[in-house]
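Visitor: what's the 3D shape of this:
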Amino acid sequence: MLTANLARSRTTDKEISPLFIDPTDGRYRETAGELIQLFESHLDEPKGDLEDAIDELTVADTDYKIVQGLAKLLKDECEFEVVAPVDPHEIRQRLFEKANARYPIVRQPTLGEDTQKLEVYSGVADELGISLEECYRGMYADLEDNKRLVRIGTRTADQYATDGDSSTSTTALTGSSDAEYEHTDLTADWLLTRYNLALAQAVLYDATEMRIRVWDHFGTVFSYVKLFGLMHRIYPIDADGERVGSTDQAAGYEAILDGPASLFSKSQKYGIRMANFLPALPLCNRWEMTAEILVDETTGETQAFTLDHTENLDSHYSAGDQFDSDVERTLAQKWERSNTEWELVREDDIFDLGAEVMIPDFAIEHPDGRRAILEIVGFWTPEYLDAKLEKIRKVEADNFVLAVSERLDCASEEFGRTADRILWFKTGIHVYDLVELADSVAVPSETPSGSE
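Guide: I've put the predicted structure just below:
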């Protein structure tokens, strides 16, 4: 994503709007093309050389901040590695030890001292079995500016998951395989549309609340809501976006997502998750989003930020199945290795709870047609856990089972009528214990009681 200094937006009395660019504008297309060529020409070159080339790039009629923003997004799609025949730390240690034994360090060495330096490098190179040049270049190959650009292109979902919460410079996307991320060649079209989406994401760092309405692809969108650990409440709505009494009348769903600025102690990590959720919305054909953005912490003043499908934003996320947490991913991986005829499948039932709805995590299905429905209750804030428990107590399905983390400060009786259908876990869920629980409550494959 874009860092705060590269974000571009306009603020009025009541609204804040990203300064989108026109992806069909010839000047921006030319700029994007030049940047992509610049990156390609620096393959296998040091990162510092690439950074210098970007800073020196002069593009007529294109704002410097736009150039730097486009370059930032390209860097997010690059992989830089330490390229050295021997661990740089090992080279340094041997050089310093040998140099210390040979002569003291002086500000202006004589010719003789230069000769001694060459002898030190040559000696270490011979000891390590590398060339003199490799010894010299490898000494500081692990410095950030000396890392080499080894790959340009869309990274895998696993790489995004690894980097996701560590920096505002990356997009967090958890997944278990390359197929869960939409792979795209780096073109001017991709870069310019990705830039507009990044501008919108940057506005959301200071969101106190986000309200979304979607009329299609519900499972995908709400999977991403849970994927990024966003606290949420979901309600059925009609075609006009008005709330209705039950899922029987629903044409779509509205969700209220609590943003980072609404928390007692604002979490930048949570803010990144909020911004990273946004690309899930353009996966829908029809969607709307309204967010309240904190603009003055002293007075609590907020401004509205609105987006919908008419902005023609493109998503770089996949519409395929994602895992909402490491616990879910690990469970699925264990299930694949297990010896059971029961199948773990992504759940698409929606429990109708009256004014709200609940979308469980998985279904556990047997070849004979029986199935149980699974909800995993991991670690949440106390307030969100209370809301989660209230929802669970409203579920009337007899084949509904829970896997609950022992880290939570709660007891079985707090889960209502589901209290006797709980599998408590510490660090991971045991497949066969879950199968045994599911087998005891599974019912024939029909719409479960209390769901749509």
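Visitor: any idea how far Trp190 is from the nearest residue to Leu6 once chain neighbours are set aside?
Guide: What sits nearest to Leu6 in space, not counting adjacent residues and going by Cβ to Cβ, 6 or more residues apart in numbering, is Gly69, at 4.4 Å. Backbone N, C-alpha and C define where each C-beta goes, glycine included. Between Gly69 and Trp190 the computed distance is 14 Å (Cβ to Cβ, to the nearest Å).
Visitor: ok, now Trp215?
Guide: Following Cβ to Cβ, the distance that separates Trp215 from Trp190 is 27 Å.
Visitor: for Ala53, same thing?
Guide: Distance of Ala53 to Trp190, given as Cβ to Cβ: 21 Å.
Visitor: still on that earlier bit, would you confirm that the residue nearest to Leu6 contacts Arg194?
Guide: No: using Cβ atoms under 8 Å, Gly69 and Arg194 do not qualify as a contacting pair, with a distance of 10.2 Å.
Visitor: any common contacting residues for the two?
Guide: Where contact means Cβ atoms under 8 Å, 6 or more residues apart in numbering, no residue is in contact with each of Gly69 and Arg194.
Visitor: Compare those two (neighbour count), which wins?
Guide: The residue with more neighbours, out of Gly69 and Arg194 and counting by other Cβ atoms under 10 Å, is Arg194; that gives 26 against 22.
Visitor: Quick check: closest non-adjacent residue to Ile359.
Guide: Leaving aside its chain neighbours, Ile359 sits nearest to Phe222 (5.2 Å; criterion: Cβ to Cβ, 6+ apart).
Visitor: wait, I meant Leu132
Guide: The shortest distance from Leu132 to any residue that is not its chain neighbour, by Cβ to Cβ, 6+ apart, is 5.0 Å, and that residue is Ala125.
Visitor: And for the one you found, the neighbour number?
Guide: Residue neighbour count, defined by other Cβ under 10 Å, stands at 22 for Ala125.
Visitor: Which helix or strand contains it?
Guide: Assigned by DSSP states H and E, Ala125 belongs to helix 111-128.
Visitor: Report the mean confidence score over that helix.
Guide: For helix 111-128, the mean pLDDT works out to 80.
Visitor: how about it: buried residues?
Guide: Counting neighbours by 16 or more other Cβ atoms under 10 Å, one finds that the buried residues in helix 111-128 are Lys117, Val120, Tyr121, Gly123, Val124, Ala125, Leu128.
Visitor: From the contact counts, what lies against it?
Guide: Using 3 or more Cβ pairs under 8 Å, 6 or more residues apart in numbering; DSSP states H and E as the contact test, the elements touching helix 111-128 are helix 88-102, helix 132-138.
Visitor: looking at those, which is buried most?
Guide: Ranked by mean neighbour count under mean count of other Cβ atoms under 10 Å, the helices and strands packed on helix 111-128 are led by helix 132-138, which reaches a mean of 17.
Visitor: Dump it to PDB, keeping only the CA atoms.
Guide: Presented in PDB, the C-alpha positions along helix 132-138 are these (Å, rounded to 0.1, in the frame of the first residue of the first chain):
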ATOM      1  CA  LEU A 132      38.700 -11.400  -4.400                       C
ATOM      2  CA  GLU A 133      35.700  -9.500  -6.000                       C
ATOM      3  CA  GLU A 134      33.200 -11.800  -4.300                       C
ATOM      4  CA  CYS A 135      34.900 -11.200  -1.000                       C
ATOM      5  CA  TYR A 136      34.800  -7.500  -1.400                       C
ATOM      6  CA  ARG A 137      31.200  -7.300  -2.700                       C
ATOM      7  CA  GLY A 138      29.900  -9.900  -0.300                       C
END
